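need the 3D shape of this:
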Amino acid sequence: MRAAGFVSALVLMVAMGVACSKETPAAPPAPAAAPPPPSVAANPDAAAKPKMVANPDGLSLADRIVKRQAAEKKLADRLAGEENKRLLAYDKTKMPLHKEVFAAIQKYRAAYGHAKTNEDVEKIRVKQEKAIEATGRKMATIDPKGGNSNVVTDYDVMLNALANDYPDALEASFRGDKKPLDEQTAELDKRTKKIEDWLAEVKSAKPAKK
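Model (predicted):
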């Protein structure tokens, strides 16, 4: 009996050993964590900003601004010169019309110089109304598409003034209010000077080469 009990105990121990050997093996240990990156204090170069690169032209900021402005002005002057030549070439082909329109404008303005009363102004205004309209239509033929003549806008402003604002200002002056007439006179004088100078330049300009 004692021998049998010993054998049973031995069998039980062997069975437990086999069962333990069949259990899932333990997971391998986790790899060691990577060391933290060095702090800025430990590596000051890591946080340093990239160094400024010297300008290859050797100019200061102020000098470069001046240089750029000079280049921009040079370009603007060149483009203005080219545009001036284009306008001169165009208006030179329209000189007969320019002379007719400008002469008519000067005539209409001079007529008001004979007015002494408001009644005189109204008579002149009515008498010139259709002629001014006809001159306006002729003026439109100088530059039908727009943007090609340097003085058509001035003609237009002057014709409108002589049909409306100028005689109104002249009548106001007879009533004692001189300011509107002074303003109209200054505006007409300014545009007259511009037109005279421009037509003289057009006349002296050489014809465009074809």
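
what about Asp57, which SS state?
At Asp57 the chain is in coil, as set by DSSP: H, G, I helix; E, B strand; the rest coil.

report how many residues lie close to it.
Other residues within reach of Asp57 by the criterion other C-beta atoms under 10 Å amount to 9. No exception for glycine: its C-beta is placed from N, CA and C like everyone else's.

you'd agree it is up against Arg68?
No: shown here, Asp57 and Arg68 do not form a contact pair, counting by C-beta atoms under 8 Å, at 11.6 Å.

all helices for this structure, in order.
If you assign secondary structure with DSSP state H, the helices in the chain sit at 2-21, 61-92, 95-112, 118-140, 152-160, 166-174, 179-204.

tell me which of the ones you listed lies nearest to Gly146.
Each of these was checked against Gly146 via C-beta to C-beta, and the shortest separation belongs to helix 152-160, namely 7.8 Å.

returning to that earlier point: adding mean neighbour count and mean pLDDT, write the helices of the chain out as TSV.
Formatted as TSV, the helices of the chain follow (neighbours: other C-beta atoms under 10 Å; pLDDT from 0 to 100):
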stretch	mean neighbour count	mean pLDDT
helix 2-21	9	45
helix 61-92	12	81
helix 95-112	16	98
helix 118-140	15	97
helix 152-160	18	98
helix 166-174	19	97
helix 179-204	14	97
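
adding distance to Gly146, write those helices out as JSON lines.
Formatted as JSON lines, the entries for the helices of the chain read as follows, by distance: least, C-beta to C-beta, whole Å:
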{"stretch": "helix 2-21", "distance to Gly146": "104"}
{"stretch": "helix 61-92", "distance to Gly146": "12"}
{"stretch": "helix 95-112", "distance to Gly146": "15"}
{"stretch": "helix 118-140", "distance to Gly146": "10"}
{"stretch": "helix 152-160", "distance to Gly146": "8"}
{"stretch": "helix 166-174", "distance to Gly146": "25"}
{"stretch": "helix 179-204", "distance to Gly146": "17"}
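
contacts for stretch 176-190 next, please.
Residues lying outside stretch 176-190 but in contact with it, judged by C-beta atoms under 8 Å, 6 or more residues apart in numbering, are Arg109, Val157, Met158, Ala161, Asp165, Tyr166, Asp168, Ala169, Leu170, Ala172, Ser173.

from those residues, pick the one nearest Thr135.
With C-beta to C-beta as the yardstick, the closest approach to Thr135 among those comes from Met158, at 10.0 Å.

grab the nearest non-local neighbour of the closest one.
When the adjacent residues along the chain are set aside, Met158 lies closest to Ile105, with 5.2 Å between them (C-beta to C-beta, 6 or more residues apart in numbering).

please name the residues that touch the one you found.
The neighbours of Ile105, taking C-beta under 8 Å, 6+ apart as the test, are Thr135, Tyr155, Met158, Leu159, Leu162.

that concludes my questions; thank you for your assistance.
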